[in-house]
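# Quick check, what structure comes out for this input:
(chains A and B)
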Amino acid sequence: MKGNIANKNNDPELIQRFKNGDITGFNEIVRKYQQQVYWVVRKMVQDHDEADDITQEVFIKVHSALKDFREESNLFTWLYRIATNYSINHLKKTKVRNTVSVELVVEPIESNEKGADEEIDEERKRKYLMEAIETLPAQQRAVFNMRYYDQLPYDEIAEILGKSTGGIKANYFHAVKNLGEYLKGKIEL
Amino acid sequence: MNTKYNTEEIMMLIPDYITGNISSSDKALVEKALSESAELTELYMDMKSSVGFIDSVKQAEPAPQYWNTLLPRIHERIEERQNKGFSWEKLSVVWKVLVPVAAVILIAIVYYIVKPSTTQLTEDKKIEQKLNDSTGKQNNENNQQEKIRDNRDNLVKDNETPEKIKDNIKYRKSVNNTDKKNENFVKGNNPEENKETPRKELINDEQITEDIDVEETAVFASGSAAGLDEDTENELKELNSTEKEKLLEELLNSNL
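This next block holds a predicted model:
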């Protein structure tokens, strides 16, 4: 699933409204970017409840720091940076490693199954993918999500993470390669 | 041309080539490299199946009402955090009084701890003053004692010593002998008057002598009490009345 980047045109107006003391500027920012922020976090932590908690923390941080936001980068890039950093910090705290479910190691998935089995297959595929993504280091995971799902340019990803463009390209290549190697052992690709 | 380097660059572009998120120039490079390299083609095939699987997985969407509840829950958390923070206005009246009072007490304690250095200085000054006063008194006393000694010395100087009294006695004897000669000479010039007068004078002298003798006895009896030795006393006893009379006059006229 690939997300859509929200319209950035009215961001300066919303920011200025908040700086003038109008809370509706902040409320509009939340409504405009809540899904993008949620999915950035969700793809990193792979769990809805954790993603919900981190998403709220991201917007609380925005509420406290928006008055000092100098608009040197656009608002979405700033939000993305906060969400990614909070997610990476969460992963480091929980130290998520290979969480291979014993049940899912056994059976490969046949792509032509349908009906009731489809739902089970979908659940299994999500679990396999979740496990595969969890094997990635935090930075590779962030780069993969931003490039694959959000289709962000390399230079913007580099700006968000504070890395070089060449390094980000290498991170993305290795993330895709590692996911394929993990999934090869689980499913018949 | 560094082929190896180009191979690595092409490898980096394959995932984007698979997803279609690539520029036209890069796309041409990848297609050319894939047609020339079996290794790159194999890599491309593996990645393509992985990306295909990932693309087929649908993420579990949260419930639709979730997006309506997120903003209110964010505001609830913001208010909770603001209420937990310290605010002077939240303190009760008791604390608003106690905190400043405690601060004043603490400052006073620190002040008194630091202060003794100045009080010690004043006490030291007082001690110095006392010492100066006591030494001044002592000096005054010493001066007074010196004055007393000086006076005593002066008095001793002024007082006639027994030796001096002896000298005076000898001197009077010699003076009296000269006076007798003068009396005889006076008689020769005016025999009758001198005869009469000497008799009257003698009589008077006898009376005076008698008086003097009494006085002498009274005075010179205390000679030993006055500090005179035996020789001096004996010499005084050998003096006649006239000599004694003259000695007494001289003693009275002195500064004794």
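
# ok, whichever residue of chain A sits closest to chain B - contacts?
The minimum distance from chain A to chain B, using C-beta to the nearest C-beta, falls at A:Gly180 (3.1 Å). Using the backbone N, CA and C atoms, a C-beta is placed for each residue, glycine as well. The neighbours of A:Gly180, taking C-beta atoms under 8 Å, 6 or more residues apart in numbering or on different chains as the test, are A:189, B:46-47, B:49-51.

# among these, which are in strands?
Among the contacts of A:Gly180, no member falls in strands (DSSP state E).

# could the residues you listed be laid out in TSV, adding neighbour count, distance to B:Tyr66 and pLDDT?
What follows is these, written out as TSV (neighbours: other C-beta atoms under 10 Å in any protein chain shown; distance: C-beta to C-beta, whole Å; pLDDT from 0 to 100):
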residue	neighbour count	distance to B:Tyr66	pLDDT
A:Leu189	18	33	60
B:Asp46	16	37	92
B:Met47	21	34	94
B:Ser49	16	34	92
B:Ser50	22	30	92
B:Val51	19	29	93
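
# Can you say which helix or strand has B:Lys126 in it?
For B:Lys126, the host element (DSSP states H and E) is helix B:116-158.

# so which strand or helix has the residue nearest the centre of chain A?
Computing the C-alpha centroid of chain A and ranking residues by C-alpha atoms, centre = their mean puts A:Val40 first, at 2.4 Å. Using DSSP H and E, A:Val40 sits within helix A:23-45.

# remind me which residues of the chain are low pLDDT?
Just so you know, I chose chain A. A:1-8, A:95-120, A:188-189 (pLDDT under 70).

# I was after chain B.
B:1-5, B:85-91, B:116-122, B:135-138, B:141, B:147, B:151-228, B:255-256.

# redo that, cut-off 90
Of all residues in chain B, those with pLDDT under 90 make up the ranges B:1-9, B:56-61, B:80-100, B:112-256.

# Next to chain A, which bits of it? Give me the list.
Proximity of chain B to chain A (C-beta under 8 Å from any C-beta of the partner chain) is limited to residues B:11-12, B:14-16, B:19, B:21, B:46-47, B:49-54, B:56-60, B:62, B:66-67, B:70-71, B:73-74, B:77-78, B:81.

# Let's see that with 7 Å instead.
Within chain B, the positions near chain A by C-beta under 7 Å from any C-beta of the partner chain are B:11-12, B:15, B:19, B:21, B:46-47, B:49-51, B:53-54, B:56-60, B:62, B:67, B:70-71, B:73-74, B:77-78.

# Tell me how far the nearest residue to A:Arg17 once chain neighbours are set aside lies from B:Leu106.
Spatially, and ignoring its direct neighbours in sequence, A:Arg17 is nearest to A:Gly25 (3.3 Å; C-beta to C-beta, 6 or more residues apart in numbering or on different chains). Plainly put, A:Gly25 is 46 Å away from B:Leu106 if you go by C-beta to C-beta, to the nearest Å.

# likewise B:Gln65?
Distance, B:Gln65 to B:Leu106, using C-beta to C-beta: 56 Å.

# Repeat that for A:His174.
Distance from A:His174 to B:Leu106, counting by C-beta to C-beta: 61 Å.

# out of the two, which sits in the more crowded spot?
A:His174 (17 against 10; other C-beta atoms under 10 Å in any protein chain shown).

# so where does that one fall, helix or strand?
Per DSSP H and E: helix A:165-184 holds A:His174.

# For A:Glu28, give me its contacts.
A:Glu28 is in contact with A:Leu14, counting by C-beta atoms under 7 Å, 6 or more residues apart in numbering or on different chains.
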